[in-house]
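J.: Sequence and predicted structure, then a few things I'm wondering about:
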Amino acid sequence: MTTAAILTAAGSGARLGRDEPKALVDLCGRSLVAHAARRLVASGAVDLLVVTAPRERADDVARLLAAEDLPVPVTVVEGGVSRQASVAAGLAVLPQAIDVVLIHDAARALVPPSLVARVADAVRSGHRAVVPGVPVSDTIKQVGQVSGDGAPVLATVSRERLRAVQTPQGFSRELVDRAHVAGLVRAASEATAATDDAALVEAIGVAVWLVDGAEDAFKITTRRDLAAAELALTGHLAVDELEQVDAALATLRSERRSPAAVDREPAENDAGSVDEAVS
Ligand code: C5P
């Protein structure tokens with residue numbers, strides 16, 4: 001099976017309080033999108049990487065990723081008005097040969113390569129839609145109408161069967177294409193768009209399978225999250241993992257896969273490819 005990863009990096013990152021897009025924010029000397037791309041590829045499960053970038057920064061994203069010398073072809077496309085639209089733009093440029101698609105948020109920059117492999121393996125073993133998830137530690141309450149000073153509590157939801165869902169999410173190519181086509185009308189604004197791709201699959205009545213997620217795959221949204229990510233990377237656990245990512249990429253570079261294996265077809269809205277730089 002031939003697997004593509006779509007890495008969504010076209011968001012603004014307003015909640016981080018920075019002028020630049022979140023994916024370009026520095027974390028210990030590397031942008032969030034570069035961290036995420038290295039970890040996706042270090043899993044060994046990815047044959048081709050497509051990255052969605054903000055229109056005005058697509059060249060910068062392509063340059064940053066070329067500098068990583070990733071051992072798989074990398075294509076950068078312009079993102080859309082919503083995350084869902086950005087993923088659709090990524091799906092539109094996938095070559096015919098791709099039959100498994102992993103979709104990952106650059107905001108989950110420290111995703112462990114082992115989690116990427118776990119999701120890909122679950123799809124390859126026959127689950128057509130796979131999400132990683134972690135148990136919820138807070139008590140969850142359902143509330144009524146929210147007003148300025150609070151909201152009435154309606155119920156306490158048992159958390160035993162609740163999971164906070166992460167990325168990468170993995171799909172059979174045919175299913176994720178079909179789910180995005182069916183949900184296309186929602187993509188026009190973030191208010192109506194699906195917040196994850198599995199929701200589009202659920203909407204067409206196809207079962208989604210959940211595998212164990214990972215604490216390190218947390219989403220970097222606020223400045224506090226960025227500080228936590230810095231701490232994780234400078235702490236002894238993450239340093240060990242960084243070395244593992246470096247070692248995995250070095251091995252993959254030495255066995256560099258032939259781009260011909262991916263049978264790439266040119267696509268109209270391909271905003272800039274760094275294939276030459278990485279192949
Ligand atoms: O905004 P949020 O954190 O939910 O975005 C999740 C991921 O989707 C981020 O990695 C962001 O860069 C990406 N995104 C995108 N295109 C958009 C909005 C968000 O690729 N229009």
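T.: Structure's in. What do you need? Everything numeric in this text was worked out from a predicted model, so none of it was measured.

J.: Please verify my assumption that Thr2 contacts Leu102.
T.: No. The pair Thr2 / Leu102 is not scored as a contact, 11.9 Å apart, by CB atoms under 8 Å. (C-beta placed from N, C-alpha, C; glycine too.)

J.: More neighbours: which of the two?
T.: Of the pair Thr2 and Leu102, Leu102 is the one with more neighbours under other CB atoms under 10 Å, namely 25 against 18.

J.: quick one: is the helix or strand harbouring that one near the ligand?
T.: Assigned by DSSP states H and E, Leu102 belongs to strand 100-105. Yes. Counting by CB under 6 Å from any ligand atom, the ligand has neighbours in strand 100-105: Asp105.

J.: buried stuff in that strand?
T.: In terms of neighbour count (16 or more other CB atoms under 10 Å), strand 100-105 has its buried residues at Val100, Val101, Leu102, Ile103, His104, Asp105.

J.: Who does the closest residue to Leu7 other than its chain neighbours form a beta bridge with?
T.: Nearest residue to Leu7, sequence neighbours excluded (CB to CB, 6 or more residues apart in numbering): Val51, at 4.6 Å. Judged by DSSP bridges, the bridge partners of Val51 are Leu7, Val76.

J.: could you give me the average pLDDT of the strand holding Leu102?
T.: The predicted model gives strand 100-105 an average pLDDT of 98.

J.: any idea which helix or strand comes after that strand?
T.: Downstream of strand 100-105 (by DSSP H and E), the next one is helix 113-124.

J.: Extract the C-alpha set from that following helix and format it as CSV.
T.: Extracted in CSV, the C-alpha atoms of helix 113-124 (Å, rounded to 0.1, in the frame of the first residue of the first chain):
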residue,chain,number,x,y,z
PRO,A,113,6.5,8.5,15.2
SER,A,114,5.2,5.4,16.9
LEU,A,115,1.6,6.9,17.0
VAL,A,116,1.8,7.7,13.2
ALA,A,117,2.8,4.0,12.6
ARG,A,118,0.0,2.7,14.8
VAL,A,119,-2.6,4.6,12.9
ALA,A,120,-1.2,3.6,9.5
ASP,A,121,-1.0,0.0,10.6
ALA,A,122,-4.7,0.0,11.7
VAL,A,123,-5.8,1.3,8.3
ARG,A,124,-3.6,-1.2,6.5
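
J.: So what are the sheet partners of whichever helix or strand comes after that helix and their directions?
T.: Per DSSP H and E, the first helix or strand lying C-terminal to helix 113-124 is strand 129-135. As defined by DSSP bridges, the strand partners of strand 129-135 come to strand 163-165 (antiparallel), strand 169-172 (antiparallel), strand 209-212 (parallel).

J.: Need the ones you listed in a markdown table (columns: mean pLDDT).
T.: Shown next, in a markdown table, are those (pLDDT from 0 to 100):
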| stretch | mean pLDDT |
| --- | --- |
| strand 163-165 | 98 |
| strand 169-172 | 99 |
| strand 209-212 | 98 |
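
J.: Turn those strands into a markdown table, columns for distance to Asp69.
T.: Converted to a markdown table, those look like this (distance: least, CB to CB, whole Å):
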| stretch | distance to Asp69 |
| --- | --- |
| strand 163-165 | 32 |
| strand 169-172 | 25 |
| strand 209-212 | 30 |
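
J.: Pick the most deeply packed of those strands.
T.: strand 169-172 (a mean of 27; mean count of other CB atoms under 10 Å).

J.: can you tell me which residues contact His180?
T.: By CB atoms under 8 Å, 6 or more residues apart in numbering, His180 lies in contact with Gln84, Val87, Ala88, Leu91, Ala187, Asp197, Leu200.

J.: which SS state does the third one fall under?
T.: Spelled out, that is Ala88. What DSSP: H, G, I helix; E, B strand; the rest coil gives for Ala88 is helix.

J.: out of everything not next to it in sequence, what's closest to it?
T.: Using CB to CB, 6+ apart and skipping residues adjacent in sequence, the residue nearest Ala88 is His180, 5.1 Å away.
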